[in-house]
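*Asks:* Sequence and computational prediction follow.
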Amino acid sequence: MRITIVGAGFSGSVLAIELARNAASGVDVCLAGVAGNYARGVAYGDARPEHLLNVRARQLGATADYPADFADWLSLTEKARDRFLPRLVYGEYLHARLHAAAEISQASLSRVKQEVIAIERAGNGFRVHLADGGAFASDQVVLAVGALPPQALTGVGPRLAVHPSYIGWPWQDRALENVDANARLLIVGTGLTMADVVTTLRRRGHRGPITALSRHGLLSRAHGDEPAPPVALPPTVLQALHQHDLREVVRALRTLSAIVPDWRSLVDAVRPHAQAFWRGLPMAERARFLRHLRPHWEAARHRLAPSVAVDIEALRATGQLRIRAGRLLRARRIDGAVNVSIRDRGSSEIRNETCDVLIRATGLDTDFEHTPDPLMANLRESGLLAPDPLGLGVITNDRFEAIARDGRPVRGLHVLGPLLRAQLWEITAVPELRVAARALARQLLSSGWLATPAAAAIAMPSRRVSF
Ligand SMILES: Cc1cc2nc3c(=O)[nH]c(=O)nc-3n(C[C@H](O)[C@H](O)[C@H](O)COP(=O)(O)OP(=O)(O)OC[C@H]3O[C@@H](n4cnc5c(N)ncnc54)[C@H](O)[C@@H]3O)c2cc1C
C-alpha cells in the first residue's frame, strides 16, 4: 500500500508525521515535494530571518495532540512561550519532527524531491508523474500543495508581468534583494504579506516612498503584548452560528466588541466554530461574506506580531509608508517606469501615477479554475478536480476526498491545506491544519491492517527508514 503526499510543506509534512507514527509495516508513505523548501514549505522555508510567526510559540506544536511541542523542543521559558519567533526556526522544528517520526516508524517513508506535474487514474489507484520524467504507482494520493502560485494582478500588462519591476511572488528567489533603495514602490495588499515585504525593505534600509493599496485600505491588526483573556460566547452568538445566520452573527459580534475588554478574544472565540458555520452557509451567503466582510475578518483574524506592528507604525509616522484604499485598474511599463491607473475608494476619478516597482502582496491564491500551475492544470483538464465557484480552491467532501467534475468522489484522491477553503474556509493556519492532518491520517489508515495495533508499537525503531 503506497500513500503519496504531494507537497512537503506544513500540511504534507505533518500528515507524513501522523502516518509515520501510526501506520503498520507494509505501508509506504512517499512525501513528494520541491527541493528548495522541502519539509518546511513556503511559510517556514522561503522566509527570511526578520519574518516572524503570527502565532505565539506556545500554541504551535506540529501535531494536534501536543500543542506545546514547539515550545518544549526549544526549551522555552514560560515567558518566552508567548513570543513570536522567526518562521525559519519553525521550519527547522518541522524538519526535525519529520526526521524523528521517520526514525521510529514501522512504515516505510520515502522522500522524492521533485515537482509532481501530473496524476492520472491507473486501475484502482493512480500514476504519479514527476518533472524529471519519472513516474510511479500509488494507491492513494493526498494533494497538500499549499496555496497556488500567485497569478498576475488584474490589469498588469504582459510586458510588465515578466519584467523585474513587477514582483509577483515576494518570497521567491529573494525577489526583494534587487529593489533599489530609493525606488518608489506600490504594494498591492495591506495584510500580512505586505507586512513581510515592508519588514524586509526596512531591514535593507529602503529609503524610497512605499504605498500599500487595497480595496478597503485595512491594515492587519496587531496581537496584544499579552494573550487576550479568553471569553465564552453568549448563547445568542452560539445560536446564530449554529443556525448559519451571518447577519445575526455580525450584529451580535459588533455589539459585543464594545463590551469585552479585548476584541481579539471575540475573534479567537469564534474561530473554533468557523468551519462548521461555513459548511452550512448557503453559496449566496458565502459570496456576500467574501464581498463585504472578508477584508474586515481577515484584518482582525490574521494579526501581526506586536514588534512588526510597531515597525509598520514607525514607517507610517515618518510618512514613508502610506496605506491607501483603492483599486489598481491597470499597470504598464512605460519609459523605464511603471505607469499605474488607480481609482481611490469612494472616488469616480481614475488617477494615473508612476512608480518604479509594483509588488503583489494580496495573500493566498486559491483560484484553481484559472491557475497555470502544471499539476493543477492537469487535474483540471482530466476532470479529477473541480473548482469552487467562488475561487476558494477545489470541491471536496467531508472526508477530504476530491469531487470530480462529474460530481462523483474520486476514491483515493484527497486534498489537505488551503485548497480546502471552499469546504472549510478557516483552514490556512497551523491550529486548523494539524487537526485536519490528523483526521485525514486516521481516515487513510482506517482500513485496519494499515494502522499499528497500539501506540506502544510506535516506539520501535524502523528497519525501513529511507529519510
Ligand atoms: C508567508 C506566510 C507566512 C505564514 N505564517 C504563518 C504563521 O506564522 N502561522 C500560521 O499558523 N500560519 C502561517 N501561514 C499559513 C500557512 O499557509 C500555513 O501555516 C502552512 O504553512 C500551510 O502549509 P501547506 O503545507 O498547506 O502549504 P505550503 O507550506 O505552501 O506547502 C506546500 C508545498 O507543496 C509544494 N508543492 C506545490 N506544488 C507541488 C507539486 N506539484 N509537486 C511537489 N510539490 C509541490 C510547495 O512548493 C510547498 O513546499 C503563513 C503562510 C504564508 C504564505
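*Replies:* Perfect, thanks for sending it. Residues are numbered from 1 along each chain as shown.

*Asks:* use CA for all of it now, contacts and neighbours both
*Replies:* Noted.

*Asks:* Next secondary structure after the longest helix anywhere in the chain?
*Replies:* In the chain, taking DSSP state H as the definition, the longest helix is helix 87-104. Sequence-wise, the next helix or strand downstream of helix 87-104 (DSSP states H and E) is strand 108-112.

*Asks:* what's the longest helix of the chain packed up against?
*Replies:* The contact analysis (3 or more CA pairs under 8 Å, 6 or more residues apart in numbering; DSSP states H and E) places helix 87-104 against helix 10-22, helix 41-45, helix 69-73.

*Asks:* Please put the alpha-carbon coordinates of that helix into PDB.
*Replies:* Extracted C-alpha coordinates of helix 87-104, given in PDB (Å, rounded to 0.1, in the frame of the first residue of the first chain):
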ATOM      1  CA  ARG A  87       9.500  31.500  10.900                       C
ATOM      2  CA  LEU A  88      12.800  29.900   9.900                       C
ATOM      3  CA  VAL A  89      13.100  28.400  13.400                       C
ATOM      4  CA  TYR A  90       9.700  26.800  12.900                       C
ATOM      5  CA  GLY A  91      11.000  25.300   9.600                       C
ATOM      6  CA  GLU A  92      13.900  23.700  11.500                       C
ATOM      7  CA  TYR A  93      11.400  22.300  14.000                       C
ATOM      8  CA  LEU A  94       9.200  20.800  11.300                       C
ATOM      9  CA  HIS A  95      12.100  19.300   9.600                       C
ATOM     10  CA  ALA A  96      13.400  17.800  12.900                       C
ATOM     11  CA  ARG A  97      10.000  16.400  13.800                       C
ATOM     12  CA  LEU A  98       9.600  14.700  10.400                       C
ATOM     13  CA  HIS A  99      13.000  13.200  10.700                       C
ATOM     14  CA  ALA A 100      12.300  11.900  14.200                       C
ATOM     15  CA  ALA A 101       8.900  10.400  13.100                       C
ATOM     16  CA  ALA A 102      10.600   8.600  10.200                       C
ATOM     17  CA  GLU A 103      13.200   7.100  12.600                       C
ATOM     18  CA  ILE A 104      10.700   5.400  14.800                       C
END
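
*Asks:* what comes up buried for that helix?
*Replies:* Residues of helix 87-104 classed as buried: 87-91, 93-95, 97-99, 101-104 (neighbour count, 16 or more other CA atoms under 10 Å).

*Asks:* same check, this time on stretch 171-189
*Replies:* For stretch 171-189, by 16+ other CA under 10 Å, it's Trp171, Leu176, Val179, Asp180, Ala183, Arg184, Leu185, Leu186, Ile187, Val188, Gly189.

*Asks:* Give the rounded mean pLDDT of it.
*Replies:* Across stretch 171-189, pLDDT averages out at 91.

*Asks:* now swap in stretch 29-38 and tell me
*Replies:* If you average the pLDDT over stretch 29-38, you get 96.

*Asks:* do it and the ligand meet?
*Replies:* Yes. Using CA under 6 Å from any ligand atom, stretch 29-38 reaches the ligand at Ala32, Gly33, Val34, Asn37, Tyr38.

*Asks:* Report how many residues lie close to the fourth one.
*Replies:* Residue neighbour count, defined by other CA atoms under 10 Å, stands at 19 for Asn37.

*Asks:* Roughly how far does it sit from Val156?
*Replies:* Separation of Asn37 from Val156 (CA to CA, to the nearest Å): 28 Å.

*Asks:* Please give me every residue in contact with His223.
*Replies:* Arg264, Arg303, Leu304, Ala305, Pro306 (CA atoms under 8 Å, 6 or more residues apart in numbering).

*Asks:* ditto for Arg81
*Replies:* By CA under 8 Å, 6+ apart, the contact list for Arg81 reads Arg56, Ala57, Arg58, Ala71.

*Asks:* Over to the nearest residue to the third one once chain neighbours are set aside: give its phi and psi.
*Replies:* Of all residues beyond its chain neighbours, the one nearest Arg58 is Arg81 (4.7 Å), with distances taken as CA to CA, 6 or more residues apart in numbering. Taking degrees, to the nearest 10, you get phi -60, psi -20 for the backbone angles of Arg81.

*Asks:* Where does pLDDT dip in the protein?
*Replies:* Regions of the chain meeting the criterion pLDDT under 70 cover residues 447-467.

*Asks:* Give the closest residue to Leu413 in space, chain neighbours not counted.
*Replies:* Val141 is the one closest to Leu413 (CA to CA, 6+ apart), at 5.0 Å.

*Asks:* Next: Leu419.
*Replies:* Closest residue in space to Leu419, ignoring its immediate chain neighbours: Gly393 at 4.2 Å, by CA to CA, 6+ apart.

*Asks:* and that neighbour, how many neighbours does it have?
*Replies:* 27.

*Asks:* picking up where we left off before, so which of the residues of stretch 29-38 next to the ligand is surrounded by the most neighbours?
*Replies:* Ala32 leads these on contacts (other CA under 10 Å) with 28 neighbours.

*Asks:* my read: that residue touches Ile117, true?
*Replies:* No. Assessed by CA atoms under 8 Å, Ala32 is found out of contact with Ile117, at 11.1 Å.

*Asks:* Close to the ligand: what parts of the stretch 51-200 of the chain are there?
*Replies:* Residues of the stretch 51-200 of the chain lying near the ligand (CA under 6 Å from any ligand atom): Leu53, Asn54, Val55, Gln114, Glu115, Val116, Ile117, Ala144, Val145, Gly146, Ala147.

*Asks:* and those residues, which two are the farthest apart?
*Replies:* Largest separation among those by CA to CA: Val55 and Ile117, giving 33.0 Å.

*Asks:* what about the strands in the stretch 251-400 of the chain?
*Replies:* In the stretch 251-400 of the chain, the strands defined using DSSP state E, counting those that start in this stretch lie at 321-334, 337-344, 350-355, 357-360.

*Asks:* Name the residues of the longest one that are buried.
*Replies:* The reference is to strand 321-334. Along strand 321-334, these residues count as buried under the neighbour rule (16+ other CA under 10 Å): 321-333.

*Asks:* To which secondary structure element is Ala8 assigned?
*Replies:* Here Ala8, judged by DSSP H and E, is contained in no helix and no strand.

*Asks:* what's the neighbour count on Met376?
*Replies:* Neighbourhood size, Met376 [other CA under 10 Å]: 23.

*Asks:* How about Asp132?
*Replies:* Counted with other CA under 10 Å, Asp132 comes out at 10.

*Asks:* pretty sure it belongs to a strand, no?
*Replies:* No. Using DSSP: H, G, I helix; E, B strand; the rest coil, the assignment for Asp132 is coil, not a strand.

*Asks:* number of nearby residues for the nearest residue to it once chain neighbours are set aside?
*Replies:* Spatially, and ignoring its direct neighbours in sequence, Asp132 is nearest to Gln114 (7.5 Å; CA to CA, 6+ apart). By the criterion of other CA under 10 Å, Gln114 has 20 neighbours.

*Asks:* residues in contact with Gln114?
*Replies:* Taking CA under 8 Å, 6+ apart as the criterion, Gln114 is in contact with Ala32, Gly33, Val34, Ala35, Leu130, Ala131, Asp132.

*Asks:* For the first one, give me phi and psi.
*Replies:* For Ala32, the backbone dihedrals (degrees, to the nearest 10) come out as phi -110, psi 120.

*Asks:* residues from the stretch 201-350 of the chain in reach of the ligand?
*Replies:* So the stretch 201-350 of the chain never meets the ligand (CA under 6 Å from any ligand atom).
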